[in-house]
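Asks: What would the 3D arrangement of this be:
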Amino acid sequence: MTDYTTTTTTYTSPPIGVCIVWHLAIRFVSNFLSFVSTVNFDHFQILRAIGKGSFGKVCIVQKKDTKKMYAMKYMNKLKCVERNEVRNVLKELQIMQNLEHPFLVNFWYSFQDEEDMFMVVDLLLGGDLRYHLQQNVHYSESTVKLYVCELALALGYLRSKRIIHRDIKPDNILLDEHGHVHLTDFNIAAIVKEDLKATSIAGTKPYMAPELFQSFEGSHPGYSFSVDWWSLGITAYELLRGQRPYVMRSSTAANEILQIFHKVHPSYPAAWSLEMKSLLRKLLCIDVQKRVSCLADLQDLSYMSDVNWDAVLSKQLPPGFIPNKRRLNCDPTFELEEMILESKPLHKKKKRLARKTKDQASEESPQVRSHTFPSGNSI
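Replies: Reported below is the predicted structural model:
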């Protein structure tokens, strides 16, 4: 979940014409999801809330037949359409259905009901790296080096699928119970065709590569997979030092950010090894042509000569930081907000929808009640 936003939107009551567009979009989403899975909300027991975003929340669920635990992300359909996020939600579904990798949060099921869209994915109880940074966890160089290797394998896999993640940061990197990293949140990912570049601007500003802002200013002909490697460098630096190498906010203008990149030179503490400093400089190289921008580039570095990449891929190398298994490793206020502040809590959804259906049936005329509506649970 993000701690920075790149846009600010003011919401007003939409005109009737826009409402029609909303409902058409929701119908499209509903029809798409109806083909994805026969699993539905009733197949899961809701256990507790563990995270939230601007229009989506995450909870722990257990599949009733297998007793297996998952994380379930649910998004209000009307809010998705109101905030123009339908395209991103559908794209995330389409991308995740075709991915499976040891260092990704893998997708299992998706479905929808009258109110929400749901995505069921791997449950990782180690928490995200942002949470642990906020808990003042100190990451050793060896731990960060392993994280870089694991994430590099994930990025190499994504490149083979022609996918640019575009939002790599501590918030979107989750730990499993053994401390291995898993990349999540493909909400703004892009698929690029062979030999083509992406041109749309997306990401979280403090982690976005210079060429993204150059593209925004019209001085760069687009960007490619290299932007994810810059974000990896920013993330690695932040994990080691507890702060990012460049100071900027979501409100900082693109031209100001470009000035920061050209005027500010990141400092590297003397306590860091020469090899780690060299790695970070290669990841945070403003010149795209000189930046480490693919798995092969990283593996060729002398700093990586001692890495057994097969052992990394099979998770045989133990990370230096192991999350506390006796705690949930997330902000406990998520559960309190769901129970106390949420007007439509998820654990009461079944009763709420059943009551709504009963009320609607009592208000409808006999002619309406006898009409058969199309399947797909669309509204």
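Asks: So residue 166 lies in a strand, does it not?
Replies: No. Applying DSSP: H, G, I helix; E, B strand; the rest coil, one finds residue 166 to be coil, outside a strand.
Asks: In this structure it contacts residue 187, no?
Replies: No. Between residue 166 and residue 187 there is no contact under Cβ atoms under 8 Å: 9.3 Å. All C-beta spots, glycine's among them, are computed from the backbone N, C-alpha and C.
Asks: Between these two, which is the more surrounded one?
Replies: residue 166 (25 against 20; other Cβ atoms under 10 Å).
Asks: Tell me who's in contact with residue 242.
Replies: Neighbour list for residue 242: 133, 136 [criterion: Cβ atoms under 8 Å, 6 or more residues apart in numbering].
Asks: What sits closest to residue 222 if chain neighbours are left out?
Replies: Closest residue to residue 222 apart from its sequence neighbours, by Cβ to Cβ, 6 or more residues apart in numbering: residue 197 at 3.1 Å.
Asks: Can you show me the helices along this protein?
Replies: Ranges of helices in the chain, per DSSP state H, are 16-36, 77-82, 86-96, 129-134, 141-160, 210-217, 226-241, 254-263, 274-283, 295-299, 309-313, 333-336, 349-363, 366-369.
Asks: Comparing these by mean pLDDT, which bottoms out?
Replies: Here the lowest mean pLDDT among the helices of the chain goes to helix 366-369, at a mean of 36.
Asks: What residues of stretch 315-333 count as buried?
Replies: 317, 319, 321, 323, 328-331 (16 or more other Cβ atoms under 10 Å).
Asks: cool, stretch 61-70 as well?
Replies: Taking 16+ other Cβ under 10 Å as the criterion, stretch 61-70 shows 61-63, 70 as buried.
Asks: quick one: which of these sit in strands?
Replies: Those of these mapping onto strands are 61-63, 70, per DSSP state E.
Asks: can I get these in TSV with pLDDT?
Replies: Output for these, formatted as TSV (pLDDT from 0 to 100):
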residue	pLDDT
61	94
62	95
63	96
70	95
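Asks: Let me know the closest of the residues you listed to residue 300.
Replies: Distance to residue 300, by Cβ to Cβ, is smallest for residue 70 among those, at 38.2 Å.
Asks: check contacts around the closest one.
Replies: Per Cβ under 8 Å, 6+ apart, neighbours of residue 70: 44, 60-63, 108, 120-123.
Asks: what do you get for residue 223?
Replies: Counting by Cβ under 8 Å, 6+ apart, residue 223 touches 164, 197-199, 209, 211-212, 215, 288.
Asks: what's the closest non-adjacent residue to it?
Replies: Distance criterion Cβ to Cβ, 6+ apart; nearest residue to residue 223, sequence neighbours excluded, is residue 211 at 4.5 Å.
Asks: if we can go back for a sec, tell me the buried residues within the contacts of residue 70.
Replies: So, by 16+ other Cβ under 10 Å, the buried ones in those are 44, 60-63, 108, 120-123.
Asks: and residue 240, what is it in contact with?
Replies: Residue 240 makes contact with 139, 141, 144, 272, 276, according to Cβ under 8 Å, 6+ apart.
Asks: Without its sequence neighbours, what residue ends up closest to the last one?
Replies: Ranked by Cβ to Cβ, 6+ apart and with sequence neighbours excluded, the top spatial neighbour of residue 276 is residue 141, at 5.3 Å.
Asks: Return the distance of the one you found relative to residue 279.
Replies: From residue 141 over to residue 279 the distance is 10 Å, taken as Cβ to Cβ, to the nearest Å.
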